[in-house]
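# here is my input, please return the structure:
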Amino acid sequence: MKNEKYWNKRFDEIFKQNINERAIYEEYKKAFDEIEKALKKLHKKFKSQGDITRSEICRSRQYIYILNILNAQNKRLRSSLSNEITETLKKCYEETYIATQKITVSDKENAVHNGEAFAIQNENAIKTALSSRWSGENYSMRIWKNTSSLARDVKDQIVNEIITGRSYKSIALTIKEKYNQSFYRASTLIRTEASAVQNRAAMNAYKESGTQKVRIHSANDERRCLKCKEASSKEYIIGTEPILPLHPNCRCRYIAVAKYSDDEVDNDVINISVKEL
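Residues are numbered from 1 along each chain as shown. The predicted structure follows:
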């Protein structure tokens, strides 16, 4: 269906324009570089010694310095990720809501001027969307868990690796993998939360426009899971639809069941960009 193809493409554009994974990656790279330098000094202190106890390592000035770095990183990453994700989700909500309105409203004037209506009427809707918990926890809770887990895992891993006599390069590679895993979790978090917010924005716009039914669009490729495939096989009366996303990194979207034919949708309305509003 033409409208569905257009909407799915627009959904992708909004998603890609607003997610800045590079900025998150740079934060994690900076954090690892700090730890790597401190780790080198700690390893140099103990590499030539024989049997080393955990308490000896933990009392050392170099290890205490690493703990201080980890504590500072934990706060910085938490703040940086929270700010980055919050701004991303706000933009995703606003742009998705406006784009959805362009397709679903029946009055061109409302479609053209809905940016003003959005600013006045939907501030609370954005706050509600950002605080919602699609899987039992909101994104702030998951950020806290991710950064805390990283700090805990790194400090424990460093002690264990030095006690067993591993080389500096070997330890550094292990620690780097911990940072990579944390970055991946952060990337999954922002992608999944952006998907959740986009779908809430679309659903709010559908409800306000009087749309009665939606279906779920899922990517028809080898990455699509059985759960997404099954959810996309039917139409839902609004209020009975599954909550999206269905799982982390889910790519499913709500699509309105068209109440117009393709010819009835004015391309002049559809092609208005968000920046023009």
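
# ok, now how distant is Ser170 from Lys155?
Using Cβ to Cβ, to the nearest Å, Ser170 is found at 17 Å from Lys155. Heads up, the C-betas are built off the backbone N, CA and C, glycines and all.

# Glu95 contacts Ile14, correct?
Yes. Glu95 lies in contact with Ile14 (Cβ atoms under 8 Å); the separation is 4.7 Å.

# the more surrounded of these two?
More crowded of Glu95 and Ile14, by other Cβ atoms under 10 Å: Glu95, with 24 against 21.

# what's the neighbour count on Ala201?
For Ala201, the count of nearby residues is 28 (other Cβ under 10 Å).

# any idea how far it lies from Ile98?
From Ala201 to Ile98 the distance is 9 Å (Cβ to Cβ).

# more crowded one of Ser170 and Lys155?
Per other Cβ under 10 Å, whichever of Ser170 and Lys155 has more neighbours is Lys155, with 18 against 12.

# so what's the more buried one up against?
Neighbouring residues of Lys155 by Cβ atoms under 8 Å, 6 or more residues apart in numbering: Ile66, Leu67, Leu70.

# tell me the buried residues in stretch 165-182?
For stretch 165-182, the neighbour count (16 or more other Cβ atoms under 10 Å) marks Arg166, Tyr168, Ile171, Ala172, Ile175, Lys176, Lys178, Tyr179, Ser182 as buried.

# wait, I meant stretch 87-103
Buried-residue list, stretch 87-103, by 16+ other Cβ under 10 Å: 88-103.

# for this structure, which segments are assigned as helices?
With DSSP state H as the criterion, the chain has helices at 2-18, 21-46, 54-59, 61-104, 108-112, 114-121, 123-131, 139-163, 168-209, 226-231, 267-270.

# taking helix 139-163 as reference, get the angle to the second one.
Between the axis of helix 21-46 and that of helix 139-163 there is an angle of 30 degrees, by axes from the mean of the first three to the mean of the last three Cα atoms, to 10 degrees.

# which secondary structure elements does helix 21-46 sit against?
In terms of contacts (3 or more Cβ pairs under 8 Å, 6 or more residues apart in numbering; DSSP states H and E), helix 21-46 is packed against helix 54-59, helix 61-104, helix 139-163, helix 168-209.

# which one of those helices lies nearest to Phe32?
helix 168-209 (4.3 Å; Cβ to Cβ).

# who does the closest one touch, helix- and strand-wise?
Applying 3+ Cβ pairs under 8 Å, 6+ apart, one finds that helix 168-209 contacts helix 2-18, helix 21-46, helix 61-104, helix 123-131, helix 139-163, strand 253-256.
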